[in-house]
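In: need a structure here:
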Amino acid sequence: MKHLCYKIFGVLILVMVIASSCGSTKEVVDISEDEKIAFSQKEGDTIKIASDTVGYEIIIIEPGYDFWLKSIAKPEGYYSQSFLENRNNIYVQEWNQRVLQPQRFDPNLYEMQIDYSPNIDYGYDVNYKLYNYFIYFQRKYNQRLGPFLPRI
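Out: Here you go, the predicted model:
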């Protein structure tokens with residue numbers, strides 16, 4: 001009987017070790033000093049993202065975003081338009097899901113849905129600024145809108 005107890009105890013220890021090693025690890029995003037400055041801005045920036053050809057407009061009022069976009073984000077041309085469109089599709093879908101769940105996600109962060117269609121060519125500028133807003137937002141508010149770690 002004693003031998004059986006040791007075996008059961010040994011199996012329980014093994015299961016606990018395996019379970020603890022399989023636990024999800026939270027990936028930490030390193031925030032630079034320049035980003036901390038951008039994130040600490042109190043005065044609201046207003047960025048207008050528009051495409052005259054498709055009549056599309058987004059207005060972002062977010063303190064520090066303009067500074068972050070100009071000084072920290074990868075420069076225009078770094079990403080291809082198809083890359084930006086693919087990421088924006090993922091981010092917009094998750095964003096809109098969170099807007100619809102105010103009891104689960106902070107309604108002060110996710111206020112309005114974004115009307116973004118993968119069938120419309122919004123142009124490079126709209127996709128670039130929208131993508132970078134999603135990266136800025138995720139890094140500033142420690143959110144994760146997709147399977148990708150929001151990196152610069």
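In: and the helices in this structure?
Out: 2-21, 33-39, 65-71, 81-99, 124-141 (DSSP state H).
In: ok, Ser71 to Tyr79 distance?
Out: 17 Å (C-beta to C-beta, to the nearest Å). The way it works is simple: take the backbone N, C-alpha and C, and place the C-beta from them, glycine included.
In: who has more neighbours, the two?
Out: Tyr79 (18 against 11; other C-beta atoms under 10 Å).
In: got the contact list for the more buried one?
Out: Tyr128, Tyr131 (C-beta atoms under 8 Å, 6 or more residues apart in numbering).
In: make CSV from the helices of the chain and add distance to Pro150 to it.
Out: Formatted as CSV, the helices of the chain follow (distance: least, C-beta to C-beta, whole Å):
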stretch, distance to Pro150
helix 2-21, 26
helix 33-39, 11
helix 65-71, 12
helix 81-99, 9
helix 124-141, 4
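In: hey, least reliable of those by pLDDT?
Out: Of all these, the minimum mean pLDDT falls on helix 2-21 (a mean of 44).
In: what about Glu62, how many residues nearby?
Out: 18.
In: I meant Ile72, not that one.
Out: Counted with other C-beta under 10 Å, Ile72 comes out at 18.
In: contacts only, for it.
Out: For Ile72, the contacting residues are Ser32, Asp34, Glu35, Ala38, Ile152, by C-beta under 8 Å, 6+ apart.
In: most widely separated two among these?
Out: Ala38 and Ile152 (11.3 Å; C-beta to C-beta).
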